[in-house]
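# predicted model and sequence follow; I will ask about them next.
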Amino acid sequence: MNSRVNQLLELVTARLQGKLIDAEVNRVGEVTVELSPEQLIEVATLLRDDAALAFDQLIDIAGVDYAEYGSEQLPLKLAAVYHLLSLQHNWRIRLRVFAPEPLPLIESVCDVWPAASWFEREAFDLFGIIFNGHPDLRRILTDYGFIGHPFRKDFPLVGHVEMFYDVDLGRVVYRPVDLENRVTVPRVIRQDNRYESAGE
């Protein structure tokens with residue numbers, strides 16, 4: 001493992017002692033820390049403001065549905081994963097926060113990193129994660145009348161409604177989907193790292 005990555009892991013675990021659920025370096029050498037939703041704002045602010053860390057750049061927020069993830073069954077299924085960059089130290093880190101159920105509510109980090117606004121809207125739209133305190137939490141990719149959150153694993157593959165242009169009416173029309181669910185190719189999770197050397 002890279003000594004810089006080890007240094008970052010040690011520094012983060014020391015600075016955030018008692019605030020983390022887990023901290024690890026994954027198989028591709030990235031530091032990932034897991035924390036509770038209650039600790040998110042405090043930890044995010046510390047990661048940004050601590051000069052030894054200086055994670056001043058939010059790269060992305062990804063929603064993830066961990067339902068039926070691999071062979072293990074996780075207690076919570078929806079998570080927000082924050083990808084951060086320290087421009088000063090050239091470090092990257094990921095924060096993973098699992099949303100409580102049945103109402104997946106996480107505090108918004110827009111006050112910490114203003115760039116979070118559109119990322120949080122995307123995670124809300126596609127996964128249904130609600131970001132408390134967001135200044136404008138509404139759909140960003142799907143239509144306003146869209147039912148459900150399409151990136152959740154329990155969302156039907158064929159959807160609920162289909163949209164098409166009706167020539168006779170001269171406008172776009174919605175109607176219930178009349179397609180039958182079909183069996184898809186089984187999900188395969190490979191642990192042999194065959195794709196890791198592709199970029200080298």
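Noted; the coordinates are in hand.
# which residue ranges of this structure form helices?
3-15, 40-49, 116-127 (DSSP state H).
# what's next to the second one, contact-wise?
Pointing back at helix 40-49 there. 12, 15-16, 19-20, 33, 35, 53-56, 82, 84, 93, 95, 97, 106-107, 109, 111-113 (C-beta atoms under 8 Å, 6 or more residues apart in numbering). All C-beta spots, glycine's among them, are computed from the backbone N, C-alpha and C.
# let's see it at 10 Å
Residues from elsewhere that reach helix 40-49, judged by C-beta atoms under 10 Å, 6 or more residues apart in numbering: 12, 15-16, 19-20, 33, 35-36, 39, 53-58, 80, 82, 84, 86, 93, 95, 97, 106-109, 111-113, 116, 133.
# among those residues, which lie within strands?
33, 35, 57-58, 80, 82, 84, 86, 93, 95, 97, 106-107 (DSSP state E).
# output those residues as a markdown table; include the columns pLDDT.
Shown next, in a markdown table, are the ones in strands among the contacts of helix 40-49 (pLDDT from 0 to 100):
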| residue | pLDDT |
| --- | --- |
| 33 | 95 |
| 35 | 95 |
| 57 | 97 |
| 58 | 98 |
| 80 | 97 |
| 82 | 98 |
| 84 | 97 |
| 86 | 96 |
| 93 | 95 |
| 95 | 96 |
| 97 | 96 |
| 106 | 97 |
| 107 | 98 |
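# which of these lies closest to residue 156?
residue 80 (23.6 Å; C-beta to C-beta).
# isn't the closest one up against residue 131?
Yes. Here residue 80 reaches residue 131: they are 8.0 Å apart, a contact under C-beta atoms under 10 Å.
# excluding covalently adjacent residues, which one is nearest to residue 36?
With C-beta to C-beta, 6 or more residues apart in numbering as the criterion, residue 36 has its nearest non-adjacent residue at 6.3 Å, and that residue is residue 21.
# run a quick neighbour tally on the one you found.
12 (other C-beta atoms under 10 Å).
# residues contacting it?
33-36, 39, 96-98.
# just the buried residues from those residues, in ChimeraX please.
The ChimeraX command for the buried members of the contacts of residue 21 (criterion: 16 or more other C-beta atoms under 10 Å) is given here:
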select :33,34,35,39,96,97,98
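# returning to that earlier point: distance-wise, check the residue nearest to residue 36 relative to residue 151.
24 Å (C-beta to C-beta, to the nearest Å).
# for the residue nearest to residue 126 when sequence neighbours are not counted, give me phi and psi.
Using C-beta to C-beta, 6+ apart and skipping the chain neighbours, the partner closest in space to residue 126 is residue 151 (4.0 Å). Main-chain torsions, residue 151, degrees, to the nearest 10: phi -90, psi 0.
# next one: residue 151 from residue 57, what distance?
25 Å.
# would you mind measuring from the residue with the largest distance to the centre of the chain to residue 61?
Residue farthest from the centre of the chain, counting by C-alpha atoms, centre = their mean, is residue 168 at 42.4 Å. Distance of residue 168 to residue 61, given as C-beta to C-beta: 43 Å.
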